Every structure is written in C-alpha cells, then in structure tokens.
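In: curious how this folds, go ahead:
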Amino acid sequence: MVSARVTSPVRWRTFGESAYNGAGQAMRRRLSRAEKRLRQRRKARGLSPEELGRRAGISRDAVGRLERGEQKATLTVLMKLAAALAANLASLL
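Out: Next up is the predicted model:
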C-alpha cells in the first residue's frame, strides 16, 4: 500500500510583499501622503497640472492620476516632481 504524503502548498510572495510587511505598509502610507502633499504644493505654487507636468517631464494626465492616487509614483518621478516644485523630496513624503 502506498501512503499519500500531504504537504502544504507553497505560498509564493507577491511583488512588494516581504517578511517585513510593516515596512511596506509604512511606505504605502508615505506614498499616500505624498499624493495629497503633491496637490497641496502644486496649488500653493499656483501651478496647473499641465505646467507641473511640463516642468517635471511627465504628462498632465500622469500628474492627475498621481494626485488622485490612481497611479503610484516611482522614486524617480517623485524626485522630478520635487525638483519642479522647488521642494526637497522629504517634504513630499
């Protein structure tokens, strides 16, 4: 008689998931705040989404999606936006 050995299925981690989920959650919160601060900074400078996009080298639509939280910004894009707003990156995060 052959005995069947039951093993638990392998659970692969998804992209962005790590053993340090607490750190990942903190980064997601920072990015969420960055979206709000981006709009506040843009309006405080009196810039339209089109003008900010032109200065940062990204599209107006991308600026809108970032501000609404529909798109997550990469570090490179955040650095370009900070430079276009004459702000340091830490002030957006």
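
In: from S32, how far off is the closest residue to E67 other than its chain neighbours?
Out: The shortest distance from E67 to any residue that is not its chain neighbour, by C-beta to C-beta, 6 or more residues apart in numbering, is 4.5 Å, and that residue is R39. For glycine as for every other residue, the C-beta is placed from the backbone atoms N, C-alpha and C. Applying C-beta to C-beta, to the nearest Å, one obtains 12 Å for the distance of R39 from S32.

In: what of L93?
Out: Separation of L93 from S32 (C-beta to C-beta): 10 Å.

In: the two: who's more crowded?
Out: It is L93, of L93 and S32, that has more neighbours when counted by other C-beta atoms under 10 Å, with 15 against 12.

In: count the neighbours of Q25 for me.
Out: Here the neighbour count serves as a burial measure; for Q25 (other C-beta under 10 Å) it reads 10.

In: what about G57, how many residues nearby?
Out: 11.

In: got a list of what the residue lying closest to it once chain neighbours are set aside touches?
Out: Across the structure, with C-beta to C-beta, 6+ apart as the measure, the residue nearest G57 apart from its sequence neighbours is K80 (5.9 Å). Residues in contact with K80, defined by C-beta atoms under 8 Å, 6 or more residues apart in numbering, are A56, G57, I58.

In: can you rerun that using 10 Å?
Out: Listed by C-beta atoms under 10 Å, 6 or more residues apart in numbering, the contact set of K80 reads L52, G53, R55, A56, G57, I58, A73, T74.

In: and these, which two are the farthest apart?
Out: Maximum pairwise distance in the contacts of K80, criterion C-beta to C-beta, is 17.4 Å, between R55 and T74.

In: the more surrounded of these two?
Out: More neighbours sit around R55 than around the other of R55 and T74, counting by other C-beta under 10 Å; the figures are 16 against 9.

In: where do the helices sit along the protein?
Out: Listed from the start of the chain, the chain has helices (DSSP state H) covering 21-44, 49-56, 60-68, 75-84, 89-92.
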